[in-house]
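Trainee: Any chance you can model this:
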Amino acid sequence: MAWSSRWCFLFLAAWCAAAPAAERRCLTECSPRIGIVSAFGAEADILIAQTQRRRVYTIHGKRFTTGVLRGNPVVIVLSGVSMVNSTLVTQQMLDHFRIERLVMSGIAGGVDPANRVGDVTVPDRWAMPMEVFWNTDSTLPSPCGTPRDLSCLGLSLATGPDGQPLPPYVIDGPHGPVETGLYMRQNHVLNSSNAPAGAFYFDYPVDAEMLRVASGLTPRLERCGPKATRPDGSVDDKLCVRETPRLKVGGRGVSATVFLANASYRAYLHRVLQAQTFEMETAALAHVAHSNDVPYIAFRSLSDLAGGEGFDADVGALFSSGLAETNEAAVTLAFLDAWRQRRAAR
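Mentor: Now for the predicted structure:
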């Protein structure tokens, strides 16, 4: 190899080694952006319609739309339902674009009975309660010889504020309690700040700065969706929820690989975890965000009480009137407005 060629090679190798990780991972487009992952197609359509200077990149069949939304450079993608889809699309977004912050938005089931259909929740942390150690009964697992010790398996049980393992799920059967042996456990996360050992997490806290901004939002949440207005301007009250939805900030959100339609398990999650909402995407995004050291927050509009019994007219009104996506998008847009103002004030 000639001296000049060898010098160029060494220079390029050194430059690549010194390049920031954020620059190395943007395989497609490298402008700093807020990544918005939407789990609900209709809501993603609202956000994309308001995005200026749009450009679409199709990556492995998924459409990533870049542009400027409420003064913020963004890239928007629809994840599709499920933890697997959310994990996949979030990592693809982080690999192909330079994402400085992540926003997840969509629809969820309510867990706290005090919440109403249409409320938009902003949990301050997310967990995966169905990442479990499935024991025979409610006896503390002891696969490594000592009760609650799972270290020989590379696992760790989830614990409460008292440091004790969270109680397993028990079903109220017709002839008494039925022990399931389902003990919640933590997930192992490896990132640049905790390598090489990594760390176990049960909760994935949202970004404190983004949460402060969300706490100050006062978006206008509608009681009637856009489809509730008739051609003559009158309103079809059957396409309105009974009470005006509220923005509720704080508490725990939970995600799992199941569609929850079980009132008993929902009550268990509220009693043991004080969970506010249940869905199938956000905690997976949170895991990916923490693995990549990217701050995140999530907004979730409540469609119903997960596992609720009987017909609820509000649920039908929420979806058939377009109210679910309208209110959810209103909160996301209000957050982006506030975030732009915060950046401008710096």
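
Trainee: can you map out the strands along the stretch 1-150 of the chain?
Mentor: Secondary structure of the stretch 1-150 of the chain (DSSP state E, counting those that start in this stretch): strands located at 29-38, 52-59, 62-69, 72-78, 97-110, 120-122, 125-127, 132-134.

Trainee: Could you look up the SS state of Leu318?
Mentor: helix (DSSP: H, G, I helix; E, B strand; the rest coil).

Trainee: Between the two ends of stretch 116-124, what distance do you get?
Mentor: 19 Å (CA to CA, to the nearest Å).

Trainee: So, low pLDDT: which residues of the protein?
Mentor: 1-25, 306-311 (pLDDT under 70).

Trainee: let's see it at 80
Mentor: Residues of the chain meeting the criterion pLDDT under 80: 1-25, 40-41, 304-313, 316, 319, 346.

Trainee: care to break it down by domain?
Mentor: What automatic domain parsing lists as the domains of the chain is 26-125+202-345, 132-185.

Trainee: Would you reformat these as a markdown table and include mean neighbour count and distance to Ser193?
Mentor: Quick note: C-beta positions are derived from backbone N, CA and C, even for glycine. Output for the domains of the chain, formatted as a markdown table (neighbours: other CB atoms under 10 Å; distance: least, CB to CB, whole Å):
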| stretch | mean neighbour count | distance to Ser193 |
| --- | --- | --- |
| domain 26-125+202-345 | 19 | 6 |
| domain 132-185 | 14 | 19 |
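
Trainee: Can you list the helices and strands that the lengthiest helix in the chain packs against?
Mentor: In terms of residue count, the longest helix belonging to the chain (DSSP state H) is helix 323-345. With contacts taken as 3 or more CB pairs under 8 Å, 6 or more residues apart in numbering; DSSP states H and E, helix 323-345 sits against strand 29-38, helix 41-49, strand 72-78, strand 97-110, strand 120-122, helix 208-215, strand 296-305.

Trainee: Can I get these in JSON lines including distance to Gln164?
Mentor: Below are the helices and strands packed on helix 323-345 laid out as JSON lines (distance: least, CB to CB, whole Å):
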{"stretch": "strand 29-38", "distance to Gln164": "35"}
{"stretch": "helix 41-49", "distance to Gln164": "40"}
{"stretch": "strand 72-78", "distance to Gln164": "40"}
{"stretch": "strand 97-110", "distance to Gln164": "28"}
{"stretch": "strand 120-122", "distance to Gln164": "28"}
{"stretch": "helix 208-215", "distance to Gln164": "27"}
{"stretch": "strand 296-305", "distance to Gln164": "28"}
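
Trainee: From Gln164, how far off is the residue nearest to the spatial centre of the chain?
Mentor: In the chain, the residue lying closest to the centroid (CA atoms, centre = their mean) is Thr282, at 2.1 Å. Distance, Thr282 to Gln164, by CB to CB, to the nearest Å: 27 Å.

Trainee: Skipping adjacent residues, who's closest to Arg53 in space?
Mentor: Gly67 (4.8 Å; CB to CB, 6 or more residues apart in numbering).
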